[in-house]
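**Student:** When you get a sec, could you give me coordinates for this:
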Amino acid sequence: MRSELKIILSILFVIALNPSNHAQNNDNELVVVDGKRIAYKSFNIENRKKGEPILVFETGLGGGTFGPILPFLPSNISGIQYARNGVGKSELDTEITSDSQLADRLHNLLTTLNIEPPYLLVGHSIGGPYIRLFASKFPNEVCGLVFSDPTDFMLTVEEDEEARIKSKSATGYRETSLLIQKMMSENDSFGQGGLATKKWTIR
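**Tutor:** Residues are numbered from 1 along each chain as shown. A predicted model of the protein is given here:
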């Protein structure tokens, strides 16, 4: 547990010093998972000892990279960052229409690459609720969660209604999340380098 805590504190410190993580990296590798190509980049996996936690980075809605912070992490830490299907160089998959499927796809990616748990998940923006869902689906494989400026669409019905009223919005977070994912899956221009070129209208 002490090693996980040290890693978490290191990550939080580095994120605080490097708030920008939006540039897309070009030196990713590609692997086919569930019939679709996924771009990823791993580091220091060859030196990882059995049972040691490995960092798994989950980016925000428009993709991006944690690349700028990686050189500042301790040299004995290993990790992987990837682009979800439809983001960057990862192939669009219109069959993915739910958060649960996204969590399963990440798990299948880790399995395909023979990256064994325990996983220390790091989520930025919408990556925050994604890693929380992953942890709820695979609790025995996750040793910790690190959130960086997270959003949270995973509210109860009561919490969602309270947030909608307080924000004076016509649309709750839960509904907004479903709308965004539906539009992403139906938009052919989404997936080449981040956000789609078409304009989205959420009412």
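**Student:** so how many other residues sit close to Ser136?
**Tutor:** 12 (other Cβ atoms under 10 Å). Every C-beta, even on glycine, is put in place using the N, C-alpha and C of the backbone.
**Student:** now it, what's its secondary structure?
**Tutor:** Assigned with DSSP: H, G, I helix; E, B strand; the rest coil, Ser136 falls in the helix class.
**Student:** Tell me where the protein has strands.
**Tutor:** For the chain, the strands defined by DSSP state E cover 29-33, 36-43, 54-58, 79-82, 119-124, 142-148.
**Student:** residue contacts, the closest residue to Glu141 other than its chain neighbours?
**Tutor:** Among residues not flanking Glu141 along the chain, Pro117 sits closest, at 3.6 Å (Cβ to Cβ, 6 or more residues apart in numbering). For Pro117, the contacting residues are Ile54, Phe138, Asn140, Glu141, Val142, Cys143, by Cβ atoms under 8 Å, 6 or more residues apart in numbering.
**Student:** okay, and the helix or strand of this protein with the least pLDDT?
**Tutor:** Taking mean pLDDT, DSSP states H and E as the measure, helix 2-17 is the helix or strand of the chain with the lowest mean score, a mean of 55.
**Student:** low-scoring pLDDT stretches of this structure, where are they?
**Tutor:** Confidence mapping of the chain against pLDDT under 70 gives the ranges 1-26, 62-64, 152-155, 163-164, 166-167, 169-203.
**Student:** Any idea how many residues pack against Val32?
**Tutor:** Per other Cβ under 10 Å, the neighbour tally for Val32 reads 10.
**Student:** So it versus Tyr82, what's the distance?
**Tutor:** The gap separating Val32 from Tyr82 is 13 Å, by Cβ to Cβ, to the nearest Å.
**Student:** got any residues that touch both of the two?
**Tutor:** Ile38.
**Student:** Just put the strands of the chain in CSV and tack on distance to Asp99.
**Tutor:** What follows is the strands of the chain, written out as CSV (distance: least, Cβ to Cβ, whole Å):
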stretch, distance to Asp99
strand 29-33, 17
strand 36-43, 17
strand 54-58, 12
strand 79-82, 16
strand 119-124, 12
strand 142-148, 15
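**Student:** And those strands: which comes nearest Leu70?
**Tutor:** Evaluated over the strands of the chain, closeness to Leu70 peaks at strand 36-43, with 6.2 Å, by Cβ to Cβ.
**Student:** Which elements pack onto the closest one?
**Tutor:** strand 29-33, strand 79-82, helix 99-112 (3 or more Cβ pairs under 8 Å, 6 or more residues apart in numbering; DSSP states H and E).
**Student:** Which neighbouring elements make contact with the second one?
**Tutor:** Applying 3+ Cβ pairs under 8 Å, 6+ apart, one finds that strand 79-82 contacts strand 36-43, strand 54-58, helix 99-112.
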